[in-house]
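**Q** here are the coordinates; sequence isn't available:
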Ligand SMILES: Cc1cc2nc3c(=O)[nH]c(=O)nc-3n(C[C@H](O)[C@H](O)[C@H](O)COP(=O)(O)OP(=O)(O)OC[C@H]3O[C@@H](n4cnc5c(N)ncnc54)[C@H](O)[C@@H]3O)c2cc1C
Ligand code: SF4
């Protein structure tokens with residue numbers, strides 16, 4: 001057991017433990033920090049708590065159901081043993097090994113919180129659904145304009161070149177739709193809408209002129225790009241793609257960093273805390289617990305990037321106590337841990353489409369359709385809620401005429417499975433969650449995990465603004481589906497869905513103008529510990545209703561290059 005709250009670990013450090021930069025976490029955002037530092041010639045240590053996964057080391061990538069004794073069906077006992085991660089749509093036999101099981105890494109739910117994690121080299125970039133939209137000034141100005149939350153210290157113009165920089169490297173397929181809410185980026189050719197979706201777009205955009213239906217912009221590369229791919233639309237991405245057809249840290253940023261010869265990647269390294277030197281008034285390194293041997297090791301560097309994923313990043317900061325920062329590094333204002341946000345995906349709408357029976361589509365498509373926000377935008381002013389929501393939507397042809405109760409064996413069953421069913425349409429709203437001070441994470445004072453790190457406690461919920469907005473989103477979904485002619489339209493809210501299951505957790509170490517109400521400045525530096533940067537979801541000041549990971553990557557690329565310039569000037 002290691003001592004809590006102590007900076008006095010009795011460790012002999014040596015030269016091998018000194019680096020120019022340390023990056024904590026090797027996932028979506030950490031991969032970017034690693035790439036930027038190493039490509040500029042900085043000796044960089046990447047610390048990752050999970051095991052290594054080399055690109056290509058994807059055991060289920062080519063598995064077919066008939067090669068598995070259970071037809072790739074998930075063992076019901078595994079679902080029963082994992083009531084939290086078992087709720088995630090992607091926790092299936094093919095991807096199970098990429099997800100943290102509930103009992104492996106316990107945490108305390110003061111209110112129910114579905115924490116979905118991927119502890120391995122590559123983090124959750126291996127399992128993500130690859131949907132990417134830029135944020136716009138509608139989002140960066142939202143807090144300042146409606147007064148809920150503090151002002152972001154950056155605007156779209158600060159990030160636009162970094163969005164381009166990231167997009168050019170990772171490869172994004174998409175259409176230039178010319179919509180201000182989701183500015184166009186550096187796109188590879190888009191995937192196609194199917195014939196029904198094209199009609200849905202025409203009907204909805206005709207009947208509701210402020211609403212747009214676009215093909216989902218996705219980090220799947222429709223043509224060969226930077227020695228990867230192309231994506232062959234197999235829809236097996238979260239297994240890991242041996243072709244590198246989608247962006248993961250494993251396929252893209254980490255190999256680029258490795259190629260430079262300046263990256264030391266250390267898996268099985270649980271970062272416990274940051275070592276802050278009160279006399280020097282700066283951070284000097286990190287404390288690591290080796291996940292296998294439980295040995296404590298200290299590593300030192302001039303600059304530290306925290307990219308451990310929102311909750312883990314803030315947990316590390318809360319656990320980094322010193323005389324100067326007695327409540328956690330950067331926490332002189334008691335803001336650290338507060339304003340946890342996620343996206344609200346609790347609702348769904350479905351309907352049956354008549355006709356189009358002579359039409360089908362070929363193969364798969366690793367993206368869907370997207371309708372950007374239209375509420376509280378331009379002339380739309382809602383009295384009952386702030387901000388807005390987007391929809392993920394699509395139409396597909398259901399397979400077979402089999403229905404529950406019909407035989408599940410025999411030629412009749414097989415025939416039914418190979419018959420075409422009717423077309424159906426689905427819409428799922430993705431609502432912005434406002435930042436609330438009381439939605440927060442803290443560290444438990446008594447209980448630690450197997451590595452001696454205090455357990456994280458989460459206390460968060462959706463509130464009135466999200467609930468009222470969700471009702472509006474479902475009513476509008478039903479109205480649009482009926483306008484298209486859908487039959488049997490139904491809407492519903494998943495009662496088991498808690499904050500966290502959107503897997504877009506954000507906030508808890510937010511950016512702002514002042515240390516009085518924020519943790520980070522406009523370049524993601526801790527206000528009063530300038531050589532510590534946080535550039536994963538923890539830094540977010542509001543949550544918008546776009547998928548967030550592209551923004552984490554752009555923010556990380558920007559912050560890393562700022563840090564590199566400051567290092568060169570001797571300022572860090
Ligand atoms: C099924 C699924 C679908 C998703 N779909 C989308 C989508 O379509 N679009 C989108 O934008 N986002 C999506 N996301 C979310 C996206 O994956 C995350 O936003 C993104 O991965 C977060 O990046 P990150 O760098 O903060 O964290 P991660 O990618 O999770 O990386 C963090 C890394 O830090 C490591 N780590 C944690 N704690 C420590 C510690 N103490 N010491 C050392 N290492 C540590 C972890 O093991 C991990 O490897 C999805 C996620 C999932 C699971
Ligand atoms: S859809 Fe594309 S990226 Fe996904 S597994 Fe298939 S080829 Fe790879």
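**A** Structure's in. What do you need? If you're wondering where the values come from, they're calculated on a predicted model, not measured in any experiment. Ligands and ions are numbered 1, 2, ... in the order given.
**Q** Can you pull out the low-pLDDT segments for this structure?
**A** Within the chain, the ranges that satisfy pLDDT under 70 run 1-15, 401-404.
**Q** what about 50?
**A** 1-12 (pLDDT under 50).
**Q** wait, is residue 196 part of a helix?
**A** Yes: counting by DSSP: H, G, I helix; E, B strand; the rest coil, residue 196 falls inside a helix.
**Q** Quick one: residues contacting it.
**A** Residue 196 makes contact with 353, 356, 359, 395, 423, 425, according to C-beta atoms under 8 Å, 6 or more residues apart in numbering. (Each C-beta comes from the backbone N, C-alpha and C, glycine too.)
**Q** Look up how far residue 479 lies from the second one.
**A** In this case it means residue 356. For residue 356, the distance to residue 479 (C-beta to C-beta, to the nearest Å) stands at 21 Å.
**Q** Enumerate the strands of the stretch 451-572 of the chain by residue range, in sequence order.
**A** Assigned by DSSP state E, counting those that start in this stretch, the stretch 451-572 of the chain shows strands spanning 454-459, 487-493, 525-526, 529-534.
**Q** Relative to residue 432, which of these is closest?
**A** strand 487-493 (16.9 Å; C-beta to C-beta).
**Q** got the buried residues for that closest one?
**A** Using 16 or more other C-beta atoms under 10 Å as the test for burial, strand 487-493 gives 489, 491.
**Q** just stretch 411-430 next, same as before
**A** 416, 421, 423, 424, 425, 426, 427, 428, 429, 430.
**Q** Name the nearest residue to the residue in the stretch 101-250 of the chain positioned nearest to ligand 1, sequence neighbours excluded.
**A** Ranked by C-beta to the nearest ligand atom, the top residue of the stretch 101-250 of the chain for proximity to ligand 1 is residue 123, at 2.4 Å. Distances taken as C-beta to C-beta, 6 or more residues apart in numbering put residue 27 closest to residue 123, at 2.1 Å, once the chain neighbours are dropped.
**Q** Next up, the contacts around the one you found.
**A** 118, 122, 123, 124, 125, 249, 307, 309.
**Q** now do 10 Å
**A** For residue 27, the contacting residues are 48, 50, 118-126, 128, 248-250, 253-254, 307-309, 536, 549, 552, by C-beta atoms under 10 Å, 6 or more residues apart in numbering.
**Q** Can you tell me which of those are buried?
**A** 48, 50, 118-126, 128, 248-250, 253-254, 307-309, 536, 549, 552.
**Q** Can you list which of the residues you listed are found in helices?
**A** 253, 254, 549, 552 (DSSP state H).
**Q** ok, the helix or strand hosting residue 46 near ligand 1 or not?
**A** Here residue 46 is covered by strand 44-47, with elements defined by DSSP states H and E. Yes: using C-beta under 6 Å from any ligand atom, strand 44-47 reaches ligand 1 at residue 47.
**Q** Give the pairing partners of that strand; include direction for each.
**A** According to DSSP bridges, strand 44-47 forms sheet pairs with strand 18-24 (parallel), strand 263-266 (parallel).
**Q** Settle this for me: residue 137 is touching residue 183, isn't it.
**A** Yes: here residue 137 lies in contact with residue 183, judged by C-beta atoms under 10 Å, at a distance of 9.2 Å.
**Q** So for the two, which residues contact both of them?
**A** residue 156.
**Q** Tell me which of these two has more neighbours.
**A** Ranked by neighbour count (other C-beta atoms under 10 Å), residue 137 and residue 183 place residue 183 first, with 18 against 15.
**Q** excluding its backbone neighbours, what's nearest the more buried one?
**A** Spatial nearest neighbour of residue 183, excluding adjacent residues (C-beta to C-beta, 6+ apart): residue 134 at 4.8 Å.
**Q** from what I can see, residue 421 looks like it's in a strand, true?
**A** Yes: if the criterion is three-state DSSP, then residue 421 is within a strand.
**Q** just checking, it touches residue 397?
**A** Yes: counting by C-beta under 10 Å, residue 421 does reach residue 397; the two are 6.5 Å apart.
**Q** residues shared between the contacts of those two?
**A** residue 357.
**Q** Give me the neighbour count for the closest residue to residue 294 other than its chain neighbours.
**A** Once flanking residues are discounted, residue 294 sits nearest to residue 451: 6.5 Å by C-beta to C-beta, 6+ apart. Each residue near residue 451 was counted by other C-beta under 10 Å, and the total is 18.
**Q** Quickly note the distance from residue 451 to ligand 2.
**A** From residue 451 across to ligand 2, the span is 34 Å (C-beta to the nearest ligand atom, to the nearest Å).
**Q** That residue against residue 319, yeah?
**A** No: in this structure residue 451 lies outside contact range of residue 319 using C-beta under 10 Å: 11.3 Å.
**Q** who are the neighbours in contact with the residue of the stretch 101-250 of the chain closest to ligand 1?
**A** Contacts for residue 123 (C-beta under 10 Å, 6+ apart) come out as 25-31, 48-50, 98, 117, 248-250, 307-309, 312, 536.
**Q** repeat that with 7 Å
**A** Contact partners of residue 123, counting by C-beta atoms under 7 Å, 6 or more residues apart in numbering, are 25, 26, 27, 28, 249, 309.
**Q** go on, residue 87?
**A** 114, 496, 501.
**Q** ChimeraX command to pick out the buried ones of the residues you listed?
**A** Isolation of the buried members of the contacts of residue 87 (16+ other C-beta under 10 Å) is achieved in ChimeraX through the command below:
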select :114,501
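**Q** Right, I'll leave it there.
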